[in-house]
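Undergrad: Below: sequence and its predicted model.
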Amino acid sequence: MKTESLPPANLDVHHAAQLAPLRDKIAFVTGGGRGLGAAICNALAAAGATVVVADVNLENARAVARNAGQRGGRAHALKVDIGADEQVQKAIADTIASHGRLDALINNAGIDFTLPIEELSVDQWDAVVRTNLRGPFLLCKYAVPVMRRQGGGHIVNIASTAARRAWPNASAYHASKWALLGLSHALHAELRPHGIKVSAVIAGGMRTPFLLDRFPDLDPDVLQDPANVAATVCFLLTQPAETVIPEVMVLPMRETSWP
């Protein structure tokens with residue numbers, strides 16, 4: 001008698017996991033209102049995640065959340081100044097109250113003032129460090145206890161080729177990104193025993209407002225689509241539980257911020 005094999009009862013579950021590898025995951029993305037942050041929110045939502053689009057500009061965050069929410073996951077906007085201690089505490093607490101957990105924190109928000117050091121004001125220096133370094137520190141500080149209680153999580157820090165080399169008129173930006181990379185590797189060593197992964201993404205030039213608004217003469221064709229970097233973030237978050245990638249560099253083929 002010929003016996004036909006029946007498909008496994010959980011075939012649809014496996015198929016869904018392939019189509020939406022981040023289904024049921026809660027991701028918090030800073031600077032999510034435009035540029036790379038928006039691309040990351042879209043990519044995470046397409047992978048099935050529920051995305052908290054955090055940005056100091058609520059209208060931008062809402063627009064991204066609407067778009068991301070149409071890509072397979074869910075998304076909602078949250079206004080937060082990541083350099084403000086109480087706002088960060090509340091943002092993390094609100095996320096847990098709404099969703100019960102926090103699986104991924106993407107520290108993406110960043111600013112810069114392109115000025116020689118004698119023209120860079122103390123306030124401008126402080127603003128860059130506040131957003132690019134203090135912000136990730138605060139987010140990690142308040143996200144880590146949540147991740148430890150739930151048995152794991154993943155922090156992704158968006159660095160830059162500015163964390164590996166230097167060019168003129170960007171001293172505050174370089175200082176903050178070198179420090180962010182150091183913070184990322186320090187937390188990788190500190191949190192790994194607790195089941196929390198920490199990864200740094202060193203991103204080369206992208207076709208985003210961050211570059212193109214400040215350097216209108218820059219040829220966009222030598223830059224990369226931010227969606228490519230966002231795809232790398234998804235790749236990091238979908239590694240097996242036994243594997244972590246502490247650092248990855250993503251460069252455009254033609255842009256020269258890295259040899």
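TA: Cool, the structure landed. Residues are numbered from 1 along each chain as shown.
Undergrad: what number of residues lie near the closest residue to Ala166 other than its chain neighbours?
TA: Leaving aside its sequence neighbours, Ala166 sits nearest to His174 (Cβ to Cβ, 6 or more residues apart in numbering; 5.1 Å). C-betas here are computed from N, CA, C, even on glycine. Neighbour count of His174, defined by other Cβ atoms under 10 Å: 18.
Undergrad: Now name the helix or strand holding His174.
TA: helix 171-191 (DSSP states H and E).
Undergrad: what does that helix rub up against?
TA: 107, 110, 112-113, 117, 120, 124-125, 128-129, 131-133, 136-137, 140, 144, 147, 155, 157, 159-160, 162-164, 166, 197-200, 202, 244, 246-247 (Cβ atoms under 8 Å, 6 or more residues apart in numbering).
Undergrad: again, only this time at 6 Å
TA: 112, 117, 125, 128-129, 132-133, 136, 157, 159-160, 162-163, 166, 198, 200, 246 (Cβ atoms under 6 Å, 6 or more residues apart in numbering).
Undergrad: Got a PyMOL select line for the buried ones in the residues you listed?
TA: Buried residues within the contacts of helix 171-191, by 16 or more other Cβ atoms under 10 Å, are selected in PyMOL with:
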select buried, resi 112+125+128+129+132+133+136+157+159+160+162+163+198+200
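Undergrad: Narrow the contacts of helix 171-191 to those in strands?
TA: Of the contacts of helix 171-191, the ones assigned to strands by DSSP state E are Asn157, Val198, Ala200.
Undergrad: Next, format these as CSV and append distance to Thr238.
TA: Shown next, in CSV, are these (distance: Cβ to Cβ, whole Å):
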residue, distance to Thr238
Asn157, 18
Val198, 16
Ala200, 17
